[in-house]
Structure formats: structure tokens, C-alpha cells
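Chemist: no FASTA, just this:
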């Protein structure tokens, strides 16, 4: 019986755990005490361990904890369910000599500077960037690269902690405020344009499934300015779909993932229409993106990640489920109401509703691209009026 140990610094990954259990695995969840009472699928968890730290990255505590568990358990795989656990899982695999992304390889899926340098080395287009280690190099970058610029944390998730810089003086003040933390940031040219995400399943180094979607607004705009988060399937067979799938394959090959799932983001510049790589994660996209992908394609990334992980342990072949080629659109927002009444949203194409306190969310699906686009536009406007609330952006994840 395969034993799968999952790390989760945030509440997510229930479908992964359920599928592992359905496939006959012994499942272990290691999380934090603050997440003890979340709605985990406890029927699918054989052993549940909680650590007192705010996340699981504290060393040597996490290594000692896993080593203690391994005295009595033969663990086959360690899986990071959340972005913040990717590097921790890499360190643990390295320490315990387990298969999967090791410490250095995991940085390509977590450290924005590492992934940009690697992409550039492999001829993948990226926005002009620089590290902020060496001040003369930064000064030279500012002199030859038109602003505005983005000062980005190298290892935060989503748009957390990003600052838009309009003048060099702003940058030097921001770096001074960061003090000893400044080496954990990078500087990148701001590119205006449409932002896309491609969610993939990778087996034996090949992208066996990929779904391309376009955000309604760039995630950074929603995160810092509020508004409705939306995403919808790009037109199948279109030039932009072909370009996205091609650059996505190029990025995954450059980063060296052998087996797993990815969530990658790209921007198409308004100035020259070139696609640029923004970032890639070795995990499932958040905010309901797994459900978006599933309703368009019949592939849920959480479920397939579990299936391929178990197949890998057992030395079996992996195959996708039968595919569907529909279109889907996702709309999510913070809500003023504790439990919003969404009964007025009742179109036949509505296939999913988010059930979460102070949130509202929907997925619509159809074989008709234009119908989905129309519904996403309509729902986004209605949600903004009926429910939307905003919260100040976080500079760092909550403790």
C-alpha cells in the first residue's frame, strides 16, 4: 500500500487526499494547529498531524518531525499541497532521498528570480528583469529599461507584496525600507497586457494535458485594487491557444519537471503582442481554477495529480480520463454579506457555486464560446454591484 505524506500550510487539497485514499493509499496529512478545525476530508486521511508553527517551513523542526514519523512508516512520496510548502517538500525529499523535485529543482517552481534566469537561459521570453543584489547593476538596469517597474518578492504567492515603481528614487527608498530583506526581491519591467494561465498535467517529461484560460483582469490588478476575479477558456484552435500551449511546453521542459501538475502564467504585451513568461508553480491553481479546468475538459488537476502520483509509486502507466472540449468561465469575489444569496443567478449554464463565508463565486460552462464569454461579462458586472467587497492587500501571508 503506497504511503503518501502531504504538507499543507493552507487549507486545500481535499480532492487530492480523497483520490489517494480511493486508490488504496495510506494518507498522512501534516498541517498547522491553526488549520485543525478546517473541513478536511477526514474520512480520506489515515493520520493527521499538526505542528504549532504558523507554517511548515521552520527548520530543523519539520525535518525532525518527518524523521520521527519515518521511524515507523515507510513513506513513498512527499507532496506539497500549497505553494508555500514546495521548497520545504524539496528539502525533505533531498534529505530523505525520496523521488520528486529536490531542493534546487523546486526553486524553479517557487523562486521568481530562479525561474526567470532559467527561462532566459532556455530562450523563453520574459519581461526585462534584474536581481537587486549589486547596486551598480541595478542602476544600469534602470538606465536602459523603461519604467514603470515591479519590485516583486521572489517567493510569495500570487501578487502578494508586489510594488509598482514609477521613478528610480522610489526604488531606492523601497530597498532602504526592506533593509536586509531586499535580496529576497527582484525588479522587473511592468508589461501592460492580457494575462493567461495554462494548467498542465506532466508525465515522463511530456505535457499530456494543458488547458489555456485568460484572466478577466490581471491578478495583480484584482489583488491590489479590488474587483472581481474572472477567468475563461480561450477559443479552441485559435492562434493564441496554440501560442500559449507552445510556450507552456517550452517552460515546463526548461524547468525540468518529470511528473506532476503545473500552473503557469503568461502575459501578452499590448505593445508588440509577444507572449512573455511570468511564473510557474508545481501545484494546482487556486481560487477555483481546478473546477474551471474540470468543467471545460473533464480533467480535475487535483484528482489527476493524485492518480499520477500513485501510478508513479506503483510503477504503472498513467492515462488521462476521457476529455471534454467545452468552454468554462469562473467568477469569484469577496462579498459584503457573510453568506450571499445567489439565487438570482440561475442560468442553465451555471454548473458550480462557491460556498465560502464572505465570498461569492460561480462557474458557467457550455460548448458555445460566445455564450460563456457573455455570461462571464454579465456575471462579473452583477457580482461587482450585488456583492463585491475588498480588503487591503497583504505584504506577507498571515502568521
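Modeler: Ah, there it is. The structure displayed is predicted, hence computed values, not measured ones. Residues are numbered from 1 along each chain as shown.

Chemist: can you give me the strands in the stretch 201-350 of the chain?
Modeler: For the stretch 201-350 of the chain, the strands defined by DSSP state E, counting those that start in this stretch occupy 206-215, 229-233, 260-269, 275-281, 327-334, 350-353.

Chemist: for those, which one sits closest to residue 57?
Modeler: strand 275-281 (16.0 Å; C-beta to C-beta). The way it works is simple: take the backbone N, C-alpha and C, and place the C-beta from them, glycine included.

Chemist: quick one: the closest one to chain centroid distance?
Modeler: 11 Å (C-alpha atoms, centre = their mean, to the nearest Å).

Chemist: report pLDDT for residue 54.
Modeler: If you check residue 54, the pLDDT there is 80.

Chemist: how is the chain carved up into domains?
Modeler: Annotated domains of the chain cover 3-107, 128-189, 193-386 [automatic domain parsing].

Chemist: Throw the ones you listed into JSON lines and include distance to residue 117 and mean neighbour count, thanks.
Modeler: Output for the domains of the chain, formatted as JSON lines (distance: least, C-beta to C-beta, whole Å; neighbours: other C-beta atoms under 10 Å):
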{"stretch": "domain 3-107", "distance to residue 117": "10", "mean neighbour count": "18"}
{"stretch": "domain 128-189", "distance to residue 117": "9", "mean neighbour count": "16"}
{"stretch": "domain 193-386", "distance to residue 117": "10", "mean neighbour count": "19"}
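
Chemist: closest one to residue 113 among those?
Modeler: domain 128-189 (4.6 Å).

Chemist: now the helices for the chain?
Modeler: Applying DSSP state H to the chain gives helices spanning 14-22, 61-70, 86-96, 103-107, 112-121, 135-144, 168-178, 219-225, 239-255, 289-297, 301-314, 369-386.

Chemist: quick one: closest of the strands of the stretch 201-350 of the chain to residue 247.
Modeler: strand 275-281 (5.4 Å).

Chemist: for the closest residue to residue 205 other than its chain neighbours, list the residues it contacts.
Modeler: Distance criterion C-beta to C-beta, 6 or more residues apart in numbering; nearest residue to residue 205, sequence neighbours excluded, is residue 258 at 5.4 Å. By C-beta atoms under 8 Å, 6 or more residues apart in numbering, the contact list for residue 258 reads 202, 204-205.

Chemist: try residue 347
Modeler: 364, 375.

Chemist: ok, residue 207 touching residue 201?
Modeler: Yes: the pair residue 207 / residue 201 is scored as a contact, 7.4 Å apart, by C-beta atoms under 8 Å.
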